[in-house]
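S.K.: return a 3D structure for these sequence lines:
(2 chains)
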Protein chains: 2
Amino acid sequence: MRRERGLLIVLSGPSGVGKGTVRKELFSQPNTNYEYSISTTTRAPREGEVDGADYFFKSREEFEQMIAEGKLLEYAEYVGNYYGTPLDYVNETLDAGRDVFLEIEVQGAAQVREKVKDGLFIFLAPPSLSELEQRLVGRGTETDEVIASRIQTARLELEMMNLYDFVVENDEVQLACDRINAIVTAEHCRRERVEKRYLRMLEGE
Amino acid sequence: MRRERGLLIVLSGPSGVGKGTVRKELFSQPNTNYEYSISTTTRAPREGEVDGADYFFKSREEFEQMIAEGKLLEYAEYVGNYYGTPLDYVNETLDAGRDVFLEIEVQGAAQVREKVKDGLFIFLAPPSLSELEQRLVGRGTETDEVIASRIQTARLELEMMNLYDFVVENDEVQLACDRINAIVTAEHCRRERVEKRYLRMLEGE
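M.R.: Numbering: from 1, shown residues only, chains lettered A, B, ... in the order given. Coordinates of the predicted model:
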């Protein structure tokens, strides 16, 4: 019987929002059911970083060859170094029926969105929404400039989140993890997915 | 600031699947965040049943007047008695920003689906899918008739679940409750919902 393909889960969000912290907390939990997709980079390993665990460390030439051969699901250059997601690992893991978890920058998430239509895209948002709400309610306690700048930030976040399926507020790391886990559980219960399992089984007849 | 409207959660499924048991377990949990919508019926109270808690007990005339006045979200007649969901309570609770939980028969769910486009429709499925999978794998240990009848049941369930958003297998009551809670949590994180909250707030300016 053919196995159900795994889900590609993409966690992204504005820089500084705490994506790495949330991802580490998710993977420190004993019941985590996702495979973490290790990124590849041309930057030098930092002290304690292990090749194949923290990153796949590559030379610039190797990385550019991967780009040329279409072996990256997404990549970007930051301060002179490449970072990317190896495509083979992702595909093999999904084909084996396991969910793959990517934690990447918004530019990378946009590239993945183009290629993987049925991925699960989660935007990690700073708790600015609730904070803004409080600030607007408690008006008078903030200067107009502070409020204006908050509103500007909220507008930018609103634009950014446009290509995502879900928005998780990172008010507390554990709560953010719970929400992400709930989103993945719910996705596995989507009628279309369950229906496909039924059909595959009945047609396997 | 205007409150976000609550979610209408509809749990249904084939009769005998355990909808009532799952609903009771959900509402016995301390962290349940839904309001249970009490049904109205013309059947006589059974021993221990309390008007306004178990059901709103009505006469046949009162019930038919509710139908005539469009005061029921859905209703059906079973063995000579009417059962229905009072519309006012549902609307008032949703408007107050709280989620409302309905546990109803599939015919009623179909009526609600017509009227409430943004409801969350959850189909509670018997564990027949997984059981069927095992039976097909362990072929030879079952007669052809047993397998054929199982396949027939699976096809009927497949047709029934067509108008639902999610399918939750009732393999274990607690697991089914966890999945339902996850689906509701995920729904509150849907980008469209969060976006609306942002926009309302920014436009409330």
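S.K.: every contact and neighbour count from this point should use C-alpha atoms.
M.R.: Fine.
S.K.: isn't A:Y82 right next to A:T42, touching?
M.R.: Yes: assessed by Cα atoms under 8 Å, A:Y82 is found in contact with A:T42 at 5.4 Å.
S.K.: who's more crowded, those two?
M.R.: Neighbour count, other Cα atoms under 10 Å in any protein chain shown: between A:Y82 and A:T42, A:T42 has more, with 21 against 18.
S.K.: now whichever strand or helix holds A:R179 and helix B:173-188, what's the angle there?
M.R.: Assessed by DSSP states H and E, A:R179 sits inside helix A:173-189. Here helix A:173-189 points in a direction 100 degrees away from that of helix B:173-188 (axes from the mean of the first three to the mean of the last three Cα atoms, to 10 degrees).
S.K.: give the next helix or strand downstream of helix A:173-189.
M.R.: helix A:191-203.
S.K.: and that next one, what other elements does it pack with?
M.R.: helix B:144-160, strand B:166-169 (3 or more Cα pairs under 8 Å, 6 or more residues apart in numbering or on different chains; DSSP states H and E).
S.K.: mutual contacts of A:Y82 and A:T42, please.
M.R.: Common neighbours of A:Y82 and A:T42, using Cα atoms under 8 Å, 6 or more residues apart in numbering or on different chains, are A:60, A:63.
S.K.: what packs against the helix holding A:R179?
M.R.: By 3+ Cα pairs under 8 Å, 6+ apart, helix A:173-189 packs against helix A:19-28, strand A:166-169, strand B:166-169, helix B:173-188.
S.K.: by mean pLDDT, show me the worst of these.
M.R.: Mean pLDDT is lowest for helix A:19-28 among these, at a mean of 93.
S.K.: hmm, who's touching it?
M.R.: So helix A:19-28 is in contact with A:11-13, A:32, A:36, A:103, A:124, A:173-174, A:176-177, going by Cα under 8 Å, 6+ apart.
S.K.: other SSEs contacting whichever helix or strand comes after it?
M.R.: Where DSSP H and E defines the elements, the next helix or strand beyond helix A:19-28 is strand A:34-36. Identification of packing neighbours for strand A:34-36 by 3+ Cα pairs under 8 Å, 6+ apart yields strand A:99-103.
S.K.: could you pull out the buried residues of the very next helix or strand once past the strand it packs on?
M.R.: Once strand A:99-103 ends, the next helix or strand along the chain (criterion: DSSP H and E) is helix A:106-115. For helix A:106-115, burial by neighbour count (16 or more other Cα atoms under 10 Å in any protein chain shown) applies to A:106, A:108-110, A:112-113.
S.K.: can you lay out the residues you listed as a markdown table showing pLDDT and distance to A:E187?
M.R.: Converted to a markdown table, the buried residues of helix A:106-115 look like this (pLDDT from 0 to 100; distance: Cα to Cα, whole Å):
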| residue | pLDDT | distance to A:E187 |
| --- | --- | --- |
| A:V106 | 91 | 22 |
| A:G108 | 92 | 22 |
| A:A109 | 94 | 19 |
| A:A110 | 94 | 20 |
| A:V112 | 96 | 18 |
| A:R113 | 94 | 17 |
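S.K.: Serialize the residues you listed to JSON lines and add fields for distance to chain B.
M.R.: Converted to JSON lines, these look like this (distance: Cα to the nearest Cα, whole Å):
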{"residue": "A:V106", "distance to chain B": "15"}
{"residue": "A:G108", "distance to chain B": "19"}
{"residue": "A:A109", "distance to chain B": "15"}
{"residue": "A:A110", "distance to chain B": "16"}
{"residue": "A:V112", "distance to chain B": "18"}
{"residue": "A:R113", "distance to chain B": "15"}
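S.K.: which one of those residues sits closest to A:N181?
M.R.: The nearest member of these to A:N181, counting by Cα to Cα, is A:A109 at 19.1 Å.
S.K.: near chain B, which residues of chain A?
M.R.: A:129, A:133, A:151, A:154, A:158, A:161-162, A:164-168, A:179-183, A:185-186, A:189-191, A:194-195, A:198, A:201-202 (Cα under 8 Å from any Cα of the partner chain).
S.K.: mind doing that once more with 7 Å?
M.R.: A:129, A:158, A:164-168, A:179, A:182-183, A:185-186, A:189-191, A:194-195, A:198 (Cα under 7 Å from any Cα of the partner chain).
S.K.: which outside residues touch the helix holding A:R179?
M.R.: By Cα atoms under 7 Å, 6 or more residues apart in numbering or on different chains, the residues outside helix A:173-189 that reach it are A:22, A:26, A:168-170, B:166-168, B:179, B:182-183, B:185-186.
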